[in-house]
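sharing a sequence plus its predicted fold:
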Amino acid sequence: MKIVKEWHKKEFMAKVSGKVADNLYRACQFAADQARARAPRGATGRLIANVDIDVEVTARDEVIEGRVGVRKKIYYAWFIEMGTSKMAARPFLRPAVFENAQEIVRLIQGG
């Protein structure tokens, strides 16, 4: 049995956060692909083309965050996802994540 005499938090966190960030990137890419497949096909295809991901590691590798969404320039994506008083919702982002939760968790875990 090996006894750990020194704790090298900085080195450990750098190594672990890099692996987790890579796994989170793969999971976000998977969710984005699912969202693109579910998004309504418009005449221009701008909505699908603007589904994007962002994975961010904050200072000192303490927080790793992944986001899947539509770029701000496609303002109408919100109305498609949530609906309006005159248009029924046609969600594509939320189902892409919630209906694939097990696969996303598996990817984050490194599977």
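Perfect, thanks for sending it. From a predicted model like this one, the values you see are computed outputs, not experimental measurements. Residues are numbered from 1 along each chain as shown.

who touches the residue nearest the centre of the chain in this structure?
Geometric centre of the chain, nearest residue: residue 28, 3.2 Å, by CA atoms, centre = their mean. With contact taken as CB atoms under 8 Å, 6 or more residues apart in numbering, residue 28 is in contact with 53-55, 66-68. Every C-beta, even on glycine, is put in place using the N, C-alpha and C of the backbone.

pick out the most distant pair among these.
Longest distance between any two of those is 9.9 Å, between 55 and 68; criterion CB to CB.

higher neighbour count, those two?
Using other CB atoms under 10 Å as the criterion, residue 55 and residue 68 rank with residue 68 on top: 22 against 19.

average pLDDT for the one helix or strand that one maps to?
Assigned by DSSP states H and E, residue 68 belongs to strand 64-70. For strand 64-70, the mean pLDDT works out to 93.

in the sheet, which strands lie alongside it, parallel or antiparallel?
strand 51-57 (antiparallel) (DSSP bridges).

any buried residues in the partner strand, and which?
For strand 51-57, the neighbour count (16 or more other CB atoms under 10 Å) marks 51, 53, 55, 57 as buried.

could you identify the least confident member of those residues?
Within those, residue 57 has the lowest pLDDT, namely 82.

what's near enough to touch that one?
Contacts of residue 57 by CB under 8 Å, 6+ apart are 17, 21, 63-64.

with residue 96 instead?
By CB under 8 Å, 6+ apart, the neighbours of residue 96 are 31-32, 34-35, 37-38, 68.

can you rerun that using 6 Å?
By CB atoms under 6 Å, 6 or more residues apart in numbering, the residues touching residue 96 are 31, 34-35, 38.

phi first, then psi, for the residue nearest to residue 82 when sequence neighbours are not counted.
Leaving aside its chain neighbours, residue 82 sits nearest to residue 89 (5.5 Å; criterion: CB to CB, 6 or more residues apart in numbering). Main-chain dihedrals, residue 89, degrees, to the nearest 10: phi -70, psi 140.
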